[in-house]
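Undergrad: Provide a 3D model corresponding to the input given below.
(chains A and B)
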Amino acid sequence: MLDNKSKEAQPVVESGGMAQAFSRRKFLGFMGAGTAIIVTAASCKKDHSMPGKGSGGVNLGSGDIGILNYAYALEQLEAAFYTKVVASPYKQMSDMEKSYLTDIRDHEIAHREFFKAALASKAIQGLEVNFSSIDFSDRTSVLGTAKAFEDLGVSAYNGAGKLITNPDYLTLAGKIVSVEARHAAWIRDIITPGSFADMTAVDMNGLDAARMPADVLAIASNFLKTKLDASNLPTN
Amino acid sequence: MNLQNILSEIEKTDPEVYEKLDTRRNAMKSFAKTSGKIALAAVPFALGSMFQKAYASPTAPTDLILDTLNFALTLEYLEANFYIKAVASGIIPSGEALNSLTVIRDHENEHVNFLKTAITAAGGTPVSFTAASFDFTAKGTFPGVFSDYGTLLAVAQTFEDTGVRAYKGQAPNLISNNDYLTAALQIHSVEARHAAHLREMRKAANLLVPAGVDVKPWITLNQSGIGTNAVQASYNGEENVMQAGVTITNIGGQKISAAAASEAFDEPLTKEQITAIVTPFFA
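TA: Next up, the predicted model:
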């Protein structure tokens, strides 16, 4: 399971999954006996029922686990979005678009389930999304959102890399971010051909964006009903 | 960036900063001398190296970091020189195709300049290559590289997909330095954008080999869609469906095919593997 103590990190989980078997009830039961991170998560669960409290919300945790939960939160958002896109296709979705959007849905679900399984008892809860600003019947609305999510995801992983201390987790993040970049490039190209890496994505030094968690979550939170507390995440 | 302000702030916390930096005036002068020559985005690196001399920071670039950056620079030279010749070849259809290759060429040139500047600022010596350093036929493996559009795009796709794997493999070597790591990641995802677009271009132009193979913006199993074993080392391993001991296929009771599981994660290659792949392209 993924762990903050990098040297003790062990290859994860029996296949098929602890995480799967990890019902909400067991999760709650487990927290009482858990580590500091789990205790933190438990305490903020209570906070969650008190909206308006500044630091309330689901606590992502600290250290590498916090960053992995941060990634897990973003993957939950993306997976939920594409699940809905594929389930209720926009008008005039071409066969190729349908096929590739289904691929992307599967990739994001794979990312989400990977983090859930790998984090096991340290994983945050499933998040509730808020897609009220998206018109799922409208191609422009859906693809515009997809582009924003993918570019945001790329910049989130790029910015989070330096916050990770365990090189294996850095590699894992690297394995995912380039796939998000591939998604971003394709989505951009079907909106505007040739915009895969235009000046709105890549700067004058040929660099993609990198955003810190606070900046990413400020944007992502517009699409999340569940409030996230990132206050324990590393900042450098 | 206002260097005066930065120095003033540091002065507040460390009144002896100028003894460590020689004098304020000399610090400004030595910085100005460097910064006149370098790209704006690399200024933090130059500034960093100036202070590292003064404070011997624990994150000071090591030989490993400089070696890693020079390895990246070598690959960027390879790509930049390839696209310079590709764009000038006259065989790329004008319009969207040529525009895209030009965008990619410009990015690779920017990466070369950025890395050169960063390496110099960190006190290292950037490697240097010229057009004559390369043989893009890979010793005759791709004789049509600049005369046959399909071959040109196949080599381009391979370079980009390989570049993604190279940066991914090297990122852990930069973990001790936030600035270099972030910059490398910012290049890494741009290479992935390029790769995705070139894959779309090859598919749209019906250039996939063998017949019936599909190539999507993401890498399915270890398929290149290029139809020659010469590029296979750039794709082997991408079929992996196990991540950190977790099986991704059908994970969590979801219907995730092995193909989708392989697509969802790109795989790194080691420096040795990358070197073996690109060596034929050096004259």
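
Undergrad: Now the phi/psi pair for residue A:233, please.
TA: Main-chain dihedrals, residue A:233, degrees, to the nearest 10: phi -70, psi 150.

Undergrad: Which helix or strand contains the residue nearest to it when sequence neighbours are not counted?
TA: Leaving aside its sequence neighbours, residue A:233 sits nearest to residue A:66 (CB to CB, 6 or more residues apart in numbering or on different chains; 4.6 Å). (Each C-beta comes from the backbone N, C-alpha and C, glycine too.) If you go by DSSP states H and E, residue A:66 is part of helix A:63-87.

Undergrad: quick one: the helix or strand following that helix near chain B?
TA: The element immediately downstream of helix A:63-87 (helix or strand, assigned by DSSP H and E) is helix A:95-119. Yes - residues of helix A:95-119 contacting chain B under CB under 8 Å from any CB of the partner chain: A:100, A:103, A:106, A:107, A:109, A:110, A:111, A:113, A:114, A:116, A:117, A:118.

Undergrad: which of these tops the neighbour count?
TA: The residue in these with the most neighbours, by other CB atoms under 10 Å in any protein chain shown, is residue A:110 (31 neighbours).

Undergrad: quick one, what contacts the most centrally placed residue in chain A?
TA: Per CA atoms, centre = their mean, the C-alpha nearest to the average position across chain A is that of residue A:74, at 1.7 Å. By CB atoms under 8 Å, 6 or more residues apart in numbering or on different chains, residue A:74 lies in contact with A:152, A:153, A:156, A:216, A:220.

Undergrad: Serialize those residues to CSV and add fields for pLDDT, secondary structure and distance to residue A:125.
TA: Below are the contacts of residue A:74 laid out as CSV (pLDDT from 0 to 100; DSSP: H, G, I helix; E, B strand; the rest coil; distance: CB to CB, whole Å):
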residue, pLDDT, secondary structure, distance to residue A:125
A:152, 98, helix, 22
A:153, 98, helix, 21
A:156, 98, helix, 20
A:216, 98, helix, 19
A:220, 98, helix, 16
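
Undergrad: How much space separates residue A:213 from residue B:175?
TA: 18 Å (CB to CB, to the nearest Å).

Undergrad: So which of the two has more stuff around it?
TA: residue A:213 (24 against 17).

Undergrad: ok, and for stretch B:275-283, which residues are buried?
TA: B:277, B:278, B:281 (16 or more other CB atoms under 10 Å in any protein chain shown).

Undergrad: Kindly report the same for stretch B:162-180.
TA: B:162-175, B:177, B:179-180.

Undergrad: would residue A:142 count as being in a helix?
TA: Yes - according to DSSP: H, G, I helix; E, B strand; the rest coil, residue A:142 belongs to a helix.

Undergrad: Return the distance of it relative to residue A:235.
TA: 34 Å.

Undergrad: same check, this time on residue A:164
TA: Residue A:164 is 13 Å from residue A:235, by CB to CB.

Undergrad: same deal with residue A:98?
TA: 41 Å.

Undergrad: And these two? Which one has more around it.
TA: Comparing residue A:98 with residue A:235 by other CB under 10 Å, the one with more neighbours is residue A:98, at 14 against 8.

Undergrad: Excluding residues flanking it in the chain, which one is nearest that one?
TA: residue A:89 (6.3 Å).

Undergrad: Mean pLDDT per helix and strand in chain A: which one sits at the bottom?
TA: Ranking every helix and strand in chain A by mean pLDDT, DSSP states H and E puts helix A:24-31 at the bottom, with a mean of 32.

Undergrad: How about the contacts made by residue B:141?
TA: Contacts of residue B:141 by CB under 8 Å, 6+ apart are B:228, B:230, B:280.

Undergrad: Let me know the pLDDT of residue 125.
TA: I'll assume chain A. pLDDT, residue A:125: 97.

Undergrad: ah, no, chain B please
TA: For residue B:125, the model assigns a pLDDT of 96.

Undergrad: could you pull out the helices for the stretch 151-283 of chain B?
TA: In the stretch 151-283 of chain B, the segments counted as helices under DSSP state H, counting those that start in this stretch are B:178-204, B:258-263, B:271-278.

Undergrad: want to throw those into JSON lines with mean pLDDT and distance to chain A?
TA: Output for the helices of the stretch 151-283 of chain B, formatted as JSON lines (pLDDT from 0 to 100; distance: least, CB to the nearest CB, whole Å):
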{"stretch": "helix B:178-204", "mean pLDDT": "98", "distance to chain A": "4"}
{"stretch": "helix B:258-263", "mean pLDDT": "98", "distance to chain A": "4"}
{"stretch": "helix B:271-278", "mean pLDDT": "98", "distance to chain A": "14"}
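
Undergrad: out of these, deepest packed?
TA: helix B:178-204 (a mean of 26; mean count of other CB atoms under 10 Å in any protein chain shown).

Undergrad: just checking, what packs against it?
TA: Where contact means 3 or more CB pairs under 8 Å, 6 or more residues apart in numbering or on different chains; DSSP states H and E, helix B:178-204 is packed against helix A:139-160, helix A:167-191, helix B:43-55, helix B:63-88, helix B:96-121, helix B:149-170.

Undergrad: What angle do helix B:63-88 and the last one make with each other?
TA: Between helix B:149-170 and helix B:63-88, the angle comes out at 170 degrees (axes from the mean of the first three to the mean of the last three CA atoms, to 10 degrees).
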